[in-house]
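*Asks:* sequence? don't have it. structure:
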């Protein structure tokens, strides 16, 4: 390798490492409770009313969650190594298992699924990443009180 190519490669590698270091994510374990003996999981990574894929990360910089338990609202951004179509199928299958009813879904470059449950609405946007995996943005908001529950 010539010295100029080596310098370019080194600069590129250093920039990639710096960019990766700027990412703020928290791992979300898909393991059952109690399987991580001695390791406490942060409370903000627990969402008992929605499906979260195994081996996924929460993008803390893009996530805004208010409340907790079954009453939280806000935006949860999940990054995973699974592909966009796989994540779409995962949410379409798993949300009803958590008591959500599907209202609409569109499979596209940015896929969108909408679900309702009691007094809340969840919108899931799934978009593939450039190199691998997908980001899923789950937005949960209060349901309009004038709309009858399903």
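*Replies:* Done, it's in. Bear in mind that the values here come from a model prediction, so they are computed numbers and not experimental data. Numbers count the residues shown, from 1 in each chain.
*Asks:* where does this protein dip in pLDDT?
*Replies:* 1-45, 147-150 (pLDDT under 70).
*Asks:* so where do the helices sit in it?
*Replies:* 3-21, 84-94 (DSSP state H).
*Asks:* show me the strands in this protein, by range?
*Replies:* With strands called from DSSP state E, the chain shows them at 25-28, 56-59, 64-66, 73-80, 101-106, 110-117, 120-128, 134-142.
*Asks:* closest one to residue 95 among those?
*Replies:* strand 110-117 (4.9 Å; C-beta to C-beta). For the C-beta atoms, the positions are set from N, CA and C on the backbone; glycine is no exception.
*Asks:* report the buried residues of the closest one.
*Replies:* For strand 110-117, burial by neighbour count (16 or more other C-beta atoms under 10 Å) applies to 111-117.
*Asks:* hmm, back to that, kindly reformat the strands of the chain as JSON lines containing distance to residue 90.
*Replies:* Putting the strands of the chain into JSON lines (distance: least, C-beta to C-beta, whole Å) gives the following:
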{"stretch": "strand 25-28", "distance to residue 90": "14"}
{"stretch": "strand 56-59", "distance to residue 90": "10"}
{"stretch": "strand 64-66", "distance to residue 90": "20"}
{"stretch": "strand 73-80", "distance to residue 90": "9"}
{"stretch": "strand 101-106", "distance to residue 90": "13"}
{"stretch": "strand 110-117", "distance to residue 90": "10"}
{"stretch": "strand 120-128", "distance to residue 90": "9"}
{"stretch": "strand 134-142", "distance to residue 90": "9"}
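*Asks:* ok, which of these comes nearest residue 46?
*Replies:* Judged by C-beta to C-beta, the one of the strands of the chain that comes nearest to residue 46 is strand 25-28, at 8.7 Å.
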